[in-house]
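> next one to model:
(4 chains)
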4 protein chains.
Amino acid sequence: MLPSAKKTTKWNCCPAGKSTGTPIGFIIRNSDAKSKDYEHIREVYRPSHADFTYDAKYGIRDHRGGGRSSARETAARVVAGAVAKLLLSRAQVSIHAYVSQVGDIKLNLPYSALDLSKTEDNIVRCPDAAVAAEMIRLIEDIRKQGDTIGGVISGVIKNAPAGLGEPVFDKLHADLGKAMLGINAAKAFEYGSGFAGVEMKGSQHNDAFIPGTGSRKIVTKSNYSGGIQGGISNGEDIYFRVAFKPVATIIQKQITVNKKGQPVEVMGKGRHDPCVLPRAVPIVEAMAALVMADHLLRAKTNG
Amino acid sequence: MLPSAKKTTKWNCCPAGKSTGTPIGFIIRNSDAKSKDYEHIREVYRPSHADFTYDAKYGIRDHRGGGRSSARETAARVVAGAVAKLLLSRAQVSIHAYVSQVGDIKLNLPYSALDLSKTEDNIVRCPDAAVAAEMIRLIEDIRKQGDTIGGVISGVIKNAPAGLGEPVFDKLHADLGKAMLGINAAKAFEYGSGFAGVEMKGSQHNDAFIPGTGSRKIVTKSNYSGGIQGGISNGEDIYFRVAFKPVATIIQKQITVNKKGQPVEVMGKGRHDPCVLPRAVPIVEAMAALVMADHLLRAKTNG
Amino acid sequence: MLPSAKKTTKWNCCPAGKSTGTPIGFIIRNSDAKSKDYEHIREVYRPSHADFTYDAKYGIRDHRGGGRSSARETAARVVAGAVAKLLLSRAQVSIHAYVSQVGDIKLNLPYSALDLSKTEDNIVRCPDAAVAAEMIRLIEDIRKQGDTIGGVISGVIKNAPAGLGEPVFDKLHADLGKAMLGINAAKAFEYGSGFAGVEMKGSQHNDAFIPGTGSRKIVTKSNYSGGIQGGISNGEDIYFRVAFKPVATIIQKQITVNKKGQPVEVMGKGRHDPCVLPRAVPIVEAMAALVMADHLLRAKTNG
Amino acid sequence: MLPSAKKTTKWNCCPAGKSTGTPIGFIIRNSDAKSKDYEHIREVYRPSHADFTYDAKYGIRDHRGGGRSSARETAARVVAGAVAKLLLSRAQVSIHAYVSQVGDIKLNLPYSALDLSKTEDNIVRCPDAAVAAEMIRLIEDIRKQGDTIGGVISGVIKNAPAGLGEPVFDKLHADLGKAMLGINAAKAFEYGSGFAGVEMKGSQHNDAFIPGTGSRKIVTKSNYSGGIQGGISNGEDIYFRVAFKPVATIIQKQITVNKKGQPVEVMGKGRHDPCVLPRAVPIVEAMAALVMADHLLRAKTNG
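Numbers count the residues shown, from 1 in each chain, chains lettered A, B, ... in the order given. Below you'll find the predicted structure:
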């Protein structure tokens, strides 16, 4: 759950609204922290949370709020992503993400058939109003059950110039994949044709090059490549999908163990988020923006 | 296509068969290079190859063999992975990969129901003999059509200790994902429940902790988490799937453009690989080994 | 000039006084900032300050206080060094620095002939009381002239285990040197015999190995190597010297140019520090601690 | 001692004499290796060599030739530096190094009073013929004694644009210092006024800015800063000095210990280099070129 940022610290670092080259720092104070809400899990490992693994790694755990394993941490990424977007906008690169699936409710149209400007028109951040309504209904049902549900976020990066990405280890899609998989609850990443592409033949999957118009002399007829070939952008749209698992905290009794390994029961308390997908849309955009900005800067060292 | 390594250079670097701390160097000479086979693409961008993007990035392209965009490059990774596996074996960590899908032929059993020691028993590296036979048949058909087909490789990492992985940006599965997506032709990565998990409820997906036996005091009842929670290993099996697109080189006429952006036709010549999947199995294992070895070494700095 | 830290923010991050693995954050608010004191240099490049080079690099400059080019920035390094020292103390590694020269007043004894516990007994941080008195007198003279003076800080690292440092690019002394040269106003670094060693013959300079006592089986008779051989620590004391130039801000009229390149006069105002050396002692210790802690952690990945 | 490179492997990687973006690889085969020459030190730690520290670090040592601790390793750096110089030459940046001291024979003129084009006119690489003759005489004497001697190499970087270097940890002179200290036998680094500057007053040491001519609108009257202010280049000449200790291998009996810590005698055999300075000149230039090329590339990401 993202914090409500009621109070931020404004630093007087930027004369005339411009950055000076100094790292841009900021603080978001969590004015809504309720440490007591976590007292019941001080000695208990919640199923599918990071309680056990943090203890295994560090030998110590701050049980209050999940610590760094909480998605609160991603608020900082969204701030960083906003700065990256400023840089990208100077190169006309734009990034859009939206919820394309919640549970078994799927938005089956490709991004190119959607009006992405409608993404913020509803609380699930799905640009198709009818599908959004179904998603909202499903989430409401799930919430009443004290349960949670996963989903998929789709992302599109438009106007990335050809030539971004490194040929071997820092392929553009590999960096995007790592960035997405680094978001809390992410379980999968695919770009272009993704998993569906494995059933296609080369003769179907290959994207024929054809003469373009305007500033782009060469374009592709189809785009199963997802805008990236050999790890390097080709100027077409870069599109991808990220899967998110259902939230681990449920308002139901669950069996688990405590620090000593003894069986105990645990039950979620207080605030409860039945579906993380809508909140993850800006995080997906932010992480994509950071990756693209990094590669834009890298590309400046060429030529 | 991987090179046939007829001739290697043995360096006298390791007294008594032990490494000395000096970087381990090696050369694999490609004694089977046929530069002339690529003469017809000197000025032509092959569809869904990296010809165009390399030119866009570097302003120059060595058309002979695809250069670094060829999967030949991965031979070096397999060597490095072999060294990483030596290190992992001292910690009892083992890594297995196998072909679980070719085109629409799927091995539907989970890895735990398979005898992974049979992976090398057939040329498609699928541990189920019956499914392997179907895959071989499909690939043979595809080959006769001068076409290509994609597929999926599944991987399992066993006995990884709990506590590997970093909590924010270098989550263990994010590093695995980046490593896999860095393999030529990879289009997607999922671990644990992956894309299928998005349709599950939290009450189904959560992995209950229960008392273990032997050296592992705490284990999980199910393993939808895929052995990683909050980016850090929990001691359960780590399992994942990687999608590979069909090979771009087909023995069929295709439309494309040349460097000047003029429409031309191009057709694959000479050696032709209808399905890259079986050859990619050792690459997947090697990349997984490198990631796990890195994290094992990192973990040594704790405590 | 270091800020006076009247007010710090205490974060409730460490249950039971222990770190949790989360990055340790802190804020030092500069409650003594006087932005107006810098108004006269808004358009002027002060001689031997970073005003001109920051403008050349970033195209923008915050003239108030020198920004990141001020040694205020090093306060953060001292905090980080304090944490590093906690880690080093567990390995019995200790670090001592002191002022060994101010202007032409030199402390001619080697560190081994000094009682380093007396370093904090006087305001110039020189462990020899008589020499300290001379240094203080010189600095007072310089201050009255509205001028400034440079000096040398010597450092000693004791009980570093043998085997720290990397053999080629990250040699232990190279990392120490970079760390020291990264401190504001540092102009030179030498370790072991340093510049003086160039006039010695090999037969004089070589450090004979001899049998040791206690836990150290092998020691050296002399230590011109400065505790590091081939970039790797040998268990002897590591000692080094760092030169600091005179502070650039003087209370005298100086010619310079403004942003347009036009000749102008400039004169230092307000607070004035005639000699940076005493304040730099904790910074030298902190930077040494950070380097040694890094290499101790790296060394854990061996064996 | 640098290898005699009788045989190199030419790779056919560069169509039309241009690099393709692929890493530039090369092999220098040491056709002059005489492993038997080192048999007598198989179990012995030579004084002031890296024999003991390598064993302490790795637990294993290849006694034949010193392994990576030999300056043979720097041949690779010289190759890399040659490539970096190509890049620098496009920005008109030039780098010159020369021997300015051997033992107590010093070239007392500043670099600006020398004709650096004469550096290669004699075998000690000292651009002053008279001083060079003295140096050669001293080295010859030292050689006859079976002894060795140290010295100083001076370096100058001309035409570096203003704005190179990072403001805090990767200051330009800190990176240069680390690079120089990473060369075998280096004991000290200073730039600009260096150790001598500590005795100067600020009013003497400050480099007044004055209007320039041609493309450089602002220059400095003096250059005690050594072309770098606040870690960032200011467009003036960057100059520095590197101290090298006497070579550790001498043709004299020395006491030392063997692996068991028992006292033994050791004596240098075979090839013997009484002074490393002349050979280190191209290494100093190469390392400077690598640092400057890195910072030139970094600077491209600005603006």
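> for A:Ala82, give me its contacts.
By C-beta atoms under 8 Å, 6 or more residues apart in numbering or on different chains, the contact set of A:Ala82 is A:286, A:289. For glycine as for every other residue, the C-beta is placed from the backbone atoms N, C-alpha and C.
> so for it, what's the pLDDT?
A:Ala82 is assigned a pLDDT of 97 by the prediction.
> state the phi and psi torsions of A:Ile218.
A:Ile218 adopts backbone torsions of phi -130, psi 130, taken as degrees, to the nearest 10.
> name the SS class of A:Asp207, please.
Recorded secondary structure, A:Asp207: coil (DSSP: H, G, I helix; E, B strand; the rest coil).
> run a quick neighbour tally on it.
Counted with other C-beta atoms under 10 Å in any protein chain shown, residues neighbouring A:Asp207 total 23.
> now the one 3 residues further on
As a burial measure, A:Ile210 scores 14 neighbours (other C-beta under 10 Å).
> that's a strand at it, yeah?
Yes: the assignment for A:Ile210 is a strand, going by three-state DSSP.
> residue contacts, it?
The neighbourhood of A:Ile210, defined by C-beta under 8 Å, 6+ apart, consists of A:218-221, B:255, B:257, B:263.
> and with 7 Å instead?
With C-beta atoms under 7 Å, 6 or more residues apart in numbering or on different chains as the criterion, the residues that contact A:Ile210 are A:219, A:221, B:257, B:263.
> surely A:Tyr45 and A:Thr53 touch.
No: using C-beta atoms under 7 Å as the test, A:Tyr45 is too far from A:Thr53 to be in contact (9.1 Å).
> mind listing what's buried in stretch A:39-49?
In terms of neighbour count (16 or more other C-beta atoms under 10 Å in any protein chain shown), stretch A:39-49 has its buried residues at A:41, A:44-49.
> ok, A:Lys221 touching A:Ala208?
Yes: using C-beta under 7 Å, A:Lys221 makes contact with A:Ala208 at a distance of 4.4 Å.
> and the two? which has more neighbours close in?
Neighbours per residue, other C-beta under 10 Å: of A:Lys221 and A:Ala208, the larger number sits with A:Ala208, 16 against 12.
> wait, what's in contact with the more buried one?
By C-beta under 7 Å, 6+ apart, the residues touching A:Ala208 are A:220-221, B:47, B:254-256.
> could you point out the longest helix in chain A?
When chain A is parsed with DSSP state H, its longest helix is helix A:277-299.
> hmm, who's touching that helix?
With C-beta under 7 Å, 6+ apart as the test, helix A:277-299 has contacts from A:2, A:74, A:77-78, A:80-81, A:84-85, A:87-88, A:91, A:93, A:95, A:97-99, A:102, A:123-125, A:151, A:153, A:155, A:157, A:160, A:163-165, A:172, A:175-176, A:179-180, A:183, A:242, A:244, D:301.
> out of those residues, which sit inside helices?
Among these, the members falling in helices (DSSP H) are A:74, A:77-78, A:80-81, A:84-85, A:87-88, A:172, A:175-176, A:179-180.
> where does the stretch 201-303 of chain A come near chain D, residue by residue?
Proximity of the stretch 201-303 of chain A to chain D, by C-beta under 7 Å from any C-beta of the partner chain, involves residues A:297, A:300-301.
> could you flag which of these are buried?
Taking 16+ other C-beta under 10 Å as the criterion, nothing in those is buried.
> kindly reformat the residues you listed as TSV and extend each row with pLDDT and distance to A:Ala196.
Formatted as TSV, those follow (pLDDT from 0 to 100; distance: C-beta to C-beta, whole Å):
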residue	pLDDT	distance to A:Ala196
A:Leu297	96	33
A:Lys300	93	35
A:Thr301	89	36
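> closest one to B:Gly227 out of those, please.
Checking those against B:Gly227 with C-beta to C-beta, the nearest one is A:Leu297 at 35.2 Å.
> just to revisit the earlier point, save the residues of the stretch 201-303 of chain A next to chain D as JSON lines, and put in distance to A:Glu236 too.
Shown next, in JSON lines, are those (distance: C-beta to C-beta, whole Å):
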{"residue": "A:Leu297", "distance to A:Glu236": "22"}
{"residue": "A:Lys300", "distance to A:Glu236": "22"}
{"residue": "A:Thr301", "distance to A:Glu236": "24"}
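> looking at those, which is nearest chain B?
Distance to chain B, by C-beta to the nearest C-beta, is smallest for A:Thr301 among those, at 11.4 Å.
> list phi and psi for the closest one.
When read as degrees, to the nearest 10, the backbone of A:Thr301 gives phi -80, psi -10.
> I'd say it and D:Gly21 touch.
No: taking C-beta under 7 Å as the definition, A:Thr301 is not a contact partner of D:Gly21, at 11.6 Å.
> point me to the residue of the stretch 1-150 of chain A nearest chain B.
Counting by C-beta to the nearest C-beta, the stretch 1-150 of chain A gets nearest chain B through A:Ala50, at 2.4 Å.
> what sits against that residue?
By C-beta under 7 Å, 6+ apart, the residues touching A:Ala50 are A:66, A:69, B:229-230, B:232.
> residue contacts, A:Leu138?
A:Leu138 is in contact with A:102-103, A:105, A:149, counting by C-beta under 7 Å, 6+ apart.
> that one: what secondary structure?
Once three-state DSSP is applied, A:Leu138 turns out helix.
> make JSON lines out of the contacts of A:Ile210 and add pLDDT and secondary structure.
Output for those, formatted as JSON lines (pLDDT from 0 to 100; DSSP: H, G, I helix; E, B strand; the rest coil):
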{"residue": "A:Val219", "pLDDT": "98", "secondary structure": "strand"}
{"residue": "A:Lys221", "pLDDT": "97", "secondary structure": "coil"}
{"residue": "B:Val257", "pLDDT": "97", "secondary structure": "strand"}
{"residue": "B:Pro263", "pLDDT": "96", "secondary structure": "strand"}
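> quick one: which of those residues is nearest D:Ile28?
B:Val257 (42.6 Å).
> so what sits opposite the nearest residue to the closest one once chain neighbours are set aside in the bridge?
Nearest non-adjacent residue to B:Val257, counting by C-beta to C-beta, 6 or more residues apart in numbering or on different chains: A:Phe209, 4.5 Å away. Listed beta-bridge partners, A:Phe209: A:Thr220 (assigned using DSSP bridges).
> what's the local residue count around A:Ile123?
By other C-beta under 10 Å, 11 other residues sit near A:Ile123.
> residue contacts, it?
Going by C-beta under 7 Å, 6+ apart, A:Ile123 touches A:136, A:278.
> list the residues that contact A:Glu265.
Contacts for A:Glu265 (C-beta under 7 Å, 6+ apart) come out as A:253-255.
> list just the nearest of the residues you listed to B:Ala33.
A:Gln254 (59.5 Å).
> backbone phi and psi for the closest one, please?
Dihedral angles of A:Gln254 (phi, psi; degrees, to the nearest 10) stand at phi -130, psi 150.
> so what's it up against?
The contact partners of A:Gln254, by C-beta under 7 Å, 6+ apart, come to A:47, A:265-267, B:206, B:208.
> for the stretch 201-303 of chain A, give me the ranges with low pLDDT.
Low-confidence segments of the stretch 201-303 of chain A, defined by pLDDT under 70: A:270, A:303.
> most neighbours among the contacts of A:Ala50, please name it.
Highest neighbour count within the contacts of A:Ala50, by other C-beta under 10 Å: B:Gln229, with 30 neighbours.
> what's across from that residue in the sheet?
B:Ile232.
> can you pull the contacts of A:Tyr253?
Just so we're on the same page, residue A:253 is Lys rather than Tyr. For A:Lys253, the contacting residues are A:265, A:267, by C-beta under 7 Å, 6+ apart.
> how does it look with 8 Å?
A:Lys253 makes contact with A:265-267 under the criterion C-beta under 8 Å, 6+ apart.
> nearest to C:Met200 among those?
For the contacts of A:Lys253, the nearest to C:Met200 is A:Val266 (70.4 Å; C-beta to C-beta).
> make sure that closest one is actually in contact with A:Arg46.
Yes: at 5.8 Å, A:Val266 counts as touching A:Arg46 under the criterion of C-beta atoms under 8 Å.
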